[in-house]
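sequence and predicted model, in that order:
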Amino acid sequence: MNPQSPGVPGTARLGEPIDARPLFGPELEALLGTLRALRPADWRQPAVPGWTVHDMAAHILGDQCARLGSTRGGYRRSFAPGESLEAFIHRTNQEWVDLHADDSSASLVDALEAAGTELVRRFAGADLEAPALGVSWAGADPAPAWLDIAREFTEYWTHRQQIRHATGRGTDPEPVAWSTVLDTFMRALPHTLRDTPAPAGTGVEVVVDGPAGGRWTVTATADGWSPAEPPGDRLAASVGLDPETAWRLCTRGVGPATALARAHVRGEPRLAEAVCRIVSIVY
């Protein structure tokens with residue numbers, strides 16, 4: 001368990017800090033290489049329901065520009081009266097994609113390279129402990145910058161995998177990026193279990209196999225669930241997942257019931273079911 005980040009209360013429940021800053025450069029190069037290798041027909045393939053590969057590339061550019069504070073094309077994001085965060089994100093994402101529907105694939109790639117390069121530079125000098133944007137799925141608002149930055153990395157990685165899958169490629173097996181994504185996603189576990197009652201000291205673990213995998217444990221306390229080992233290794237439930245199911249569950253590429261059916265479960269079924277409700281995106 002990490003100490004509190006200066007100026008960011010309650011961060012101990014988020015676990016040890018993650019430094020995703022060095023991964024943005026390789027991730028950008030991988031994205032650009034993927035897009036430049038696409039055939040014209042590939043850009044029209046569905047990447048997620050309602051969006052083509054072209055739409056997804058435009059969306060990634062929108063994420064980059066929003067992070068940089070850019071108003072490319074004169075578009076500005078602002079909340080409508082009474083609008084929830086989820087509704088705001090979904091609305092503005094669609095507006096941006098619609099705005100860039102007629103952009104050529106070449107112009108999108110060029111813009112992604114320019115914005116992405118600037119983003120890599122900015123993240124490289126970021127203070128990991130500074131207060132930053134909230135991460136709603138981890139219950140952190142504000143969040144420490146390390147979690148905000150790691151969350152941002154998972155967004156780009158996830159969207160690149162969606163493009164790969166849409167164009168007949170599997171998930172990129174490179175383990176360092178994949179393991180960082182899973183480590184970030186699993187920071188949602190205490191928040192996921194927040195309404196799941198259990199006696200203090202009850203432990204639950206998630207184990208993901210393979211080079212990109214790992215083990216994450218949360219324990220019930222008087223103040224909620226904490227990313228800590230239970231006293232005396234008192235594990236009440238263990239959920240084993242393969243890495244493909246794990247990342248797709250966290251991003252709702254598969255649903256909780258599907259993930260649970262694929263999982264290797266030991267211990268209390270209700271706790272395993274609660275774990276499989278994890279979601280690490282704004283959904």
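Received it, and whenever you're ready, just let me know what you need.

what's the offset of stretch 121-134 from the middle of its chain?
17 Å (Cα atoms, centre = their mean, to the nearest Å).

how long is it end to end?
22 Å (Cα to Cα, to the nearest Å).

report the distance from stretch 37-44 to the chain centre.
26 Å.

tell me the mean pLDDT over that stretch?
Stretch 37-44 shows a mean pLDDT of 98.

dump that stretch to CSV, keeping only the CA atoms.
C-alpha atoms of stretch 37-44 as CSV (Å, rounded to 0.1, in the frame of the first residue of the first chain):
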residue,chain,number,x,y,z
ALA,A,37,-0.4,-0.6,-42.6
LEU,A,38,-4.2,-0.5,-43.1
ARG,A,39,-5.8,-0.9,-46.5
PRO,A,40,-8.5,1.5,-47.5
ALA,A,41,-11.2,-1.0,-46.8
ASP,A,42,-9.8,-1.6,-43.3
TRP,A,43,-10.7,2.0,-42.3
ARG,A,44,-14.4,1.2,-42.8
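
show me the contact partners of it.
If you take Cβ atoms under 8 Å, 6 or more residues apart in numbering as the criterion, stretch 37-44 is touched by T52, V53, H54, A57, S105, A166, T167. For the C-beta atoms, the positions are set from N, CA and C on the backbone; glycine is no exception.

what about the closest residue to the first one other than its chain neighbours, distance to A166?
In this structure, T52 finds its nearest non-sequential neighbour in R44, 5.5 Å apart by Cβ to Cβ, 6 or more residues apart in numbering. From R44 across to A166, the span is 10 Å (Cβ to Cβ, to the nearest Å).

what is in contact with these two at once?
Counting by Cβ under 8 Å, 6+ apart, the residues touching both R44 and A166 are T52, V53.

neighbour count winner among those two?
Just comparing R44 and A166: by other Cβ atoms under 10 Å the higher neighbour count belongs to A166, 20 against 12.

now do the contacts for that one.
A166 neighbours (Cβ under 8 Å, 6+ apart): D42, Q45, P46, A47, T52, V53, M56.

separation between the third one and T52?
Distance of P46 to T52, computed by Cβ to Cβ: 6 Å.

quick check: the two most widely separated of the contacts of stretch 37-44?
Within the contacts of stretch 37-44, S105 and A166 form the most distant pair, 13.9 Å apart (Cβ to Cβ).

one step back: for the residue nearest to T52, phi and psi?
With angles defined as degrees, to the nearest 10, R44 sits at phi -100, psi 0.

in the chain, which spans are strands?
Using DSSP state E, the strands of the chain run over 46-48, 51-52, 131-132, 143-144, 203-208, 214-221, 224-226, 235-241, 264-267.

can you list the low-confidence ranges for the stretch 101-250 of the chain?
Low-confidence segments of the stretch 101-250 of the chain, defined by pLDDT under 70: none present.

could you pick out the buried ones from the contacts of A166?
D42, Q45, A47, T52, V53, M56 (16 or more other Cβ atoms under 10 Å).

need those residues in JSON lines (columns: distance to F123).
Shown next, in JSON lines, are the buried ones among the contacts of A166 (distance: Cβ to Cβ, whole Å):
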{"residue": "D42", "distance to F123": "29"}
{"residue": "Q45", "distance to F123": "30"}
{"residue": "A47", "distance to F123": "25"}
{"residue": "T52", "distance to F123": "28"}
{"residue": "V53", "distance to F123": "25"}
{"residue": "M56", "distance to F123": "21"}
